[in-house]
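Chemist: have a look; sequence and predicted model below, questions after that.
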Amino acid sequence: MKARVLSGIQPTGSPHIGNYLGALKNWAKIQYDYDSIYCIVDLHAITVYQKPEELRAKIEELAGMLLAIGIDPRNSALVVQSAIPQHAELAWMLTCVTPVGWLERMTQYKAKSQSQETIGDGLLQYPVLMAADILLYQAAIVPVGDDQTQHLELARDIAQRFNSLYGETFTMPATHLPTVGARIMGLDDPEKKMSKSETGAGHAVSLLDPPAAIRKKIMRATTDSNPAVDYETMGAGVRNLLAIFQAFSGWSDENTRAHFTGMRYGDLKKQVAEAVVAAIEPIQERYQKIMAEPGFVAQVLANGAERVTPIAQDTVGKVKRAMGLYTAS
Ligand code: AQP
């Protein structure tokens, strides 16, 4: 039996090249080696206010995009988190074994709560829900970007605590990071990670940006005061552009360094932009075709839900029995 892979993405904003290089590309790449479940985590999205009509539309658009980047629905289950009630059910049971101090230490909670007028309890509980997503399916491997490393460590801590309190119940999940592109930074501010919810026009390259917009954003990316690429002194902006190029092109460290050393920033940016456009254009073509097929995405999501429901029910049944909760059988 194949080991299980589980990962998720929030239907917030438009997925960008950071999401793609940090996580989605890997999802498609490793899907055939595992029993793969990929999840659109809409319950996570509502930890920050979302306009209901926009959220609804974004869920199907994101599903279409995941199919366009290569998730194969004949092999992998594509599911919407809120369609499987056991995610929220398990999250509550895990909340009850999670010390609040563990959650207050999470850097993403600290960062996101600073930008909110009112901090919803959901924002604090976010990593418990994420642990529930993973543990519900007994996932062994979780392909994510580097920003999720701390949440994955917490998921393991929660699983360990549950297992030691109530007996062996959960598989211990391992983090799977890409070798290049695990943390893509904002083009306008290379000290901040590229993020869907950042609104600056030059911040992120969306997977749906037209080629002209991609070129414009990359040509305007923040660099540093050097005129040309110097590996010894380059700043975060140039390092980020080189990482984007390398992750899209698949070139080795040595080839990338030899090719770009001494290149003026204008030329570097042109080559980065062309590498991004070449990779994204075919994805966009597939996306348009998928979205033009009435009912296709909805059917894929319904099939995904049907496939994973027995696994979710089985785990929640085990957890309830382990905790002494009431079960009919
Ligand atoms: N900048 C990034 N570089 C590499 N990987 C990234 N990921 C996110 N940003 C980068 C990875 O993408 C996957 C899906 O992310 P998410 O939607 O669950 O939420 P996030 O990590 O909070 O991403 P965003 O873009 O910053 O969304 P918002 O703004 O809504 O919070 C994850 O595997 C993540 O590691």
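Modeler: Thanks, I have the structure now.
Chemist: give me the element Leu6 is part of.
Modeler: Leu6 is part of strand 4-9, with elements assigned from DSSP states H and E.
Chemist: counting by contacts, list what that strand packs against.
Modeler: Counting by 3 or more Cβ pairs under 8 Å, 6 or more residues apart in numbering; DSSP states H and E, the packing neighbours recorded for strand 4-9 are helix 25-30, strand 35-40, helix 121-136, strand 141-143. The C-beta positions use only the backbone N, C-alpha and C, and glycine is treated the same way.
Chemist: who's in contact with the last one?
Modeler: Contacts made with strand 141-143 from outside it, assessed by Cβ atoms under 8 Å, 6 or more residues apart in numbering, are listed as 3-7, 23, 26-27, 30, 34, 134, 148, 152, 155, 173-178.
Chemist: hmm, it in reach of the ligand?
Modeler: No. Applying Cβ under 6 Å from any ligand atom, one finds strand 141-143 separated from the ligand by no less than 7.2 Å.
Chemist: got it, and stretch 232-239?
Modeler: No. Between stretch 232-239 and the ligand, judged by Cβ under 6 Å from any ligand atom, nothing touches; the nearest distance is 12.8 Å.
Chemist: what comes up buried for that stretch?
Modeler: Of the residues in stretch 232-239, those with enough neighbours to count as buried (16 or more other Cβ atoms under 10 Å) are Met234, Ala236, Gly237, Val238, Arg239.
Chemist: same check on stretch 163-176?
Modeler: Of the residues in stretch 163-176, those scored as buried under the neighbour-count criterion (16+ other Cβ under 10 Å) are Tyr166, Thr169, Phe170, Thr171, Pro173, Thr175, His176.
Chemist: helices - which of these land there?
Modeler: Applying DSSP state H to the buried residues of stretch 163-176, the entries found in helices are Tyr166.
Chemist: domain ranges for this structure?
Modeler: In terms of domains, the chain is parsed into 4-177+294-323, 211-289 (source: automatic domain parsing).
Chemist: want to throw these into a markdown table with mean pLDDT?
Modeler: Written out in a markdown table, the entries for these read as follows (pLDDT from 0 to 100):
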| stretch | mean pLDDT |
| --- | --- |
| domain 4-177+294-323 | 97 |
| domain 211-289 | 97 |
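Chemist: most packed of the ones you listed?
Modeler: domain 4-177+294-323 (a mean of 18; mean count of other Cβ atoms under 10 Å).
Chemist: need the domains of the chain in a markdown table with distance to Met185, can you?
Modeler: Shown next, in a markdown table, are the domains of the chain (distance: least, Cβ to Cβ, whole Å):
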| stretch | distance to Met185 |
| --- | --- |
| domain 4-177+294-323 | 8 |
| domain 211-289 | 4 |
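Chemist: and Ser195, which of those is closest to it?
Modeler: The minimum distance between Ser195 and the domains of the chain falls on domain 4-177+294-323, with 7.4 Å, by Cβ to Cβ.
Chemist: end to end on the closest one, go ahead and measure it.
Modeler: Using Cα to Cα, to the nearest Å, the gap from the first to the last residue of domain 4-177+294-323 comes to 25 Å.
Chemist: burial count for Leu325?
Modeler: Using other Cβ atoms under 10 Å as the criterion, Leu325 is surrounded by 11 other residues.
Chemist: what are the ranges of the helices in the stretch 201-329 of the chain?
Modeler: In the stretch 201-329 of the chain, the helices defined using DSSP state H, counting those that start in this stretch lie at 211-219, 236-249, 253-260, 265-291, 296-323.
Chemist: quick check: angle from the second one to helix 265-291?
Modeler: Okay, so that is helix 236-249. Helix 236-249 and helix 265-291 meet at an angle of 50 degrees, taking axes from the mean of the first three to the mean of the last three Cα atoms, to 10 degrees as the criterion.
Chemist: from Lys51, how far out is the residue nearest to Pro211 when sequence neighbours are not counted?
Modeler: The spatially closest residue to Pro211, leaving aside those adjacent along the chain, is Val277, at 4.6 Å (Cβ to Cβ, 6 or more residues apart in numbering). In this structure, Val277 and Lys51 are 31 Å apart, going by Cβ to Cβ, to the nearest Å.
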